[in-house]
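Colleague: Need coordinates for the following:
(chains A and B)
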Amino acid sequence: MLQAIDLRKRYDEVQALDGFSLEVAAGEIVGLVGHNGAGKTTFVEMVSGLLRPDSGTVLVDGESPTRARDRIGISPQHIALYRPLTVREHLELYGRLAGLRRAALRSAIDDLTAALRLESFLNRTCGLLSGGQQRRAQAATALVHRPALLLLDEPTAGADPETRQALLDVVKQRAGEGAAVVYTTHYLTELTDLQATIAVAAEGRVIARGGADELLSGLPGEVRVRTADEQLTVSTTDPTGTLLELLPTVERPVESVELRNPSLDDLYHSLAVTTDVDAH
Amino acid sequence: MSTRTDSLSRAGALVRYNAILRLRDPSQLISYLITPMIFMVLFQPLYVKALGTGAVEAVTGQLVMFSVFAMAIVGNAIFVEREWRTWDRLRASRAARAELLIGKAVPVFVVLLIQQGVLIIYGWLVVGMPFPVSPGLVFGAMCLWGFMLLAMGAALSTVVRSRGDLIVAVDLGAITISSLGGSLLPVSLMPSWAQAIAPFSPGYWGLSLIRSAMAGNAEAMLRPGLIVLGIGLATGAFATYRLAHGWGRSHLL
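Modeller: The predicted structure follows:
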């Protein structure tokens, strides 16, 4: 559904994208992670047709993003809502722009209202909504026309747990129905919930891509063994095996044992550290 | 649905929701209607003493001045798209650039026409201005002048950095354009240096256009009409370019 090949983009002195390539299949959720300035938002803006690459190719469903706009739904990183308009009016506007009319539009709004739990503030103006409600309203504008490609740029930034869960549920549902999803986030646990494959961006390109298990293999977890007067902490790629080796060597009675397998946070930090070291 | 019907439908949706936005923030329009109504009544006796006539000068002078002030309505309508980051969101939708521009321009253009129309009717009913010889010519003049204000206001909103800058630019611009153009004081009574530079003010041509239309003199409308149209086309082209390319990082396209 989405093919981005060797994208490059420079803003004055900054090389925002430097050979960024990513493919997303229909029904796939790709979690795009990376620290600030890695090129995630530039990539999303390019796929949505707002930016042209200096070089490289973006194809959405085999066409340029500008031609495929009716098949793209975007929720930008920043809140982009008209404060005097209600949530319903936003959904009507973006639904109409996408070609939905009358019964189809009403039905789409009703479905989203239930799925994203918008009932209590559907007819309130967006300027009066809480941050979490605005996040849900904004996501709804991206989803209203059931796009084949969803671009969600940090859709849960600053959102409360209810908003986050509602959004994750809808994203999973849409992917289950065949939508391709690009989901950028700093909340890596969300990607586990979404069962997303992961693309790690750094310095304007994707430096790692794969399933969570694949990317996490080789990263160290931790073993913690606490006795009455000390705590042993060992960083290891094989927490279970290390624990079995460690226990016979402990002379005092063991009070507690904690095993922590490598997580996406470890992956994120290890790549961030690698990038920092490279930069210096 | 055909492509043309589709396009009309999207432009219609944009016009509708932009009109709702204008209706929910009517304070500027109200201010730019009531203030000139008060000034018309106060200025009329001055014009009578100075020129022997009064009502037409008082009405058209205030109309031109406060319609220039109304560029703030145009500027605000566009500036909020920057402030709320909604313009790029719209650009990422299926709507074409022309549809987005029509959706934005039509409601504010109608607001500008309503302002001028109400002030002319008030001038006729309350201030005692004679009813226009040819309402069609007056409507044509209003459209030309409104188009120029729309284009200038749009261009201005794409270059200012903040809402504060916009307000200052419109206030200074409106005072300069309209007073130099003869809205406050007839050009014939201004100092000679001011008379010499008056034709460089769009307000001078706007006033000339509207007063010629009021008199039903189509021939006299031609030159000011073409100049007003030219300024509108030039500033409109600039605004269209800036709006079509968006703001933020995308302006570096």
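
Colleague: quick check, residue A:59 in a strand?
Modeller: Yes - checked against DSSP: H, G, I helix; E, B strand; the rest coil, residue A:59 lies within a strand.

Colleague: If it is in a bridge, with which residues?
Modeller: residue A:3 (DSSP bridges).

Colleague: can I assume it is in contact with residue A:21?
Modeller: No - Residue A:59 is beyond contact range of residue A:21, at 11.9 Å (criterion: CB atoms under 8 Å). To be clear about C-beta, it is placed using only N, CA and C from the backbone, and glycine gets the same treatment.

Colleague: Pass me the low-pLDDT residue ranges in chain A, would you?
Modeller: A:264-265, A:268, A:271-280 (pLDDT under 70).

Colleague: Show me where it has its helices.
Modeller: A:40-47, A:87-97, A:102-115, A:131-143, A:161-176, A:188-194, A:212-216, A:239-246, A:264-279 (DSSP state H).

Colleague: Quick check: closest non-adjacent residue to the most centrally placed residue in chain B.
Modeller: Compute the mean C-alpha point of chain B, and by CA atoms, centre = their mean the closest residue is residue B:149, 3.1 Å away. The spatial neighbour of residue B:149 that comes closest, neighbours along the chain excluded (CB to CB, 6 or more residues apart in numbering or on different chains), is residue B:71 at 5.3 Å.

Colleague: Also residue A:64?
Modeller: Nearest-residue entry for residue A:64: residue A:58, 7.0 Å, with adjacent residues in sequence omitted and distances by CB to CB, 6+ apart.

Colleague: tell me which element residue B:179 falls in.
Modeller: Assigned by DSSP states H and E, residue B:179 belongs to helix B:163-181.

Colleague: How about residues contacting that helix?
Modeller: B:61, B:64-65, B:68-69, B:71-72, B:75-76, B:79, B:83, B:153, B:156-157, B:160, B:184-185, B:187, B:194, B:197-198, B:200-207 (CB atoms under 8 Å, 6 or more residues apart in numbering or on different chains).

Colleague: Can you report how many residues lie near the residue nearest to residue A:64?
Modeller: Residue A:58 has 24 neighbours, counted by other CB atoms under 10 Å in any protein chain shown.

Colleague: which parts of the stretch 51-200 of chain A sit against chain B?
Modeller: By the rule CB under 8 Å from any CB of the partner chain, the part of the stretch 51-200 of chain A lying against chain B is A:51-52, A:69-70, A:72, A:74, A:76, A:78-85, A:89, A:92-94, A:96-99, A:101, A:141.

Colleague: out of these, which are buried?
Modeller: Buried by 16 or more other CB atoms under 10 Å in any protein chain shown: A:51-52, A:69-70, A:72, A:74, A:76, A:79-85, A:89, A:92-94, A:96-98, A:141, out of these.

Colleague: so residue A:129 sits right up against residue A:123, yeah?
Modeller: No - using CB under 8 Å, residue A:129 is not in contact with residue A:123, being 11.4 Å away.

Colleague: the more surrounded of these two?
Modeller: Neighbours per residue, other CB under 10 Å: of residue A:129 and residue A:123, the larger number sits with residue A:129, 19 against 11.

Colleague: how near is that one to residue A:38?
Modeller: Per CB to CB, to the nearest Å, residue A:129 is found 30 Å from residue A:38.

Colleague: cool, and residue A:27?
Modeller: For residue A:27, the distance to residue A:38 - CB to CB - is 26 Å.

Colleague: what about the two, which has more around it?
Modeller: residue A:38 (26 against 14).

Colleague: and that one, how far is that from residue A:201?
Modeller: Residue A:38 is 4 Å from residue A:201, by CB to CB.

Colleague: Check residue B:227 too.
Modeller: From residue B:227 to residue A:201 the distance is 54 Å (CB to CB).

Colleague: again, but for residue A:164
Modeller: Applying CB to CB to residue A:164 and residue A:201 gives a distance of 22 Å.

Colleague: In which helix or strand does the residue nearest to the centre of chain B reside?
Modeller: Counting by DSSP H and E, residue B:149 is found in helix B:135-159.

Colleague: how far out from the middle of the chain is that helix?
Modeller: How far helix B:135-159 lies from its chain's middle: 4 Å, per CA atoms, centre = their mean, to the nearest Å.

Colleague: low pLDDT regions in the stretch 1-150 of chain B?
Modeller: Judged by pLDDT under 70, the stretches of the stretch 1-150 of chain B that qualify are B:1-2.

Colleague: interface residues of it facing chain A?
Modeller: Proximity of the stretch 1-150 of chain B to chain A, by CB under 8 Å from any CB, involves residues B:1, B:6, B:9-10, B:13-14, B:17, B:20-21, B:24-25, B:80, B:84-86, B:88-95.

Colleague: Thanks again, I'm all set now.
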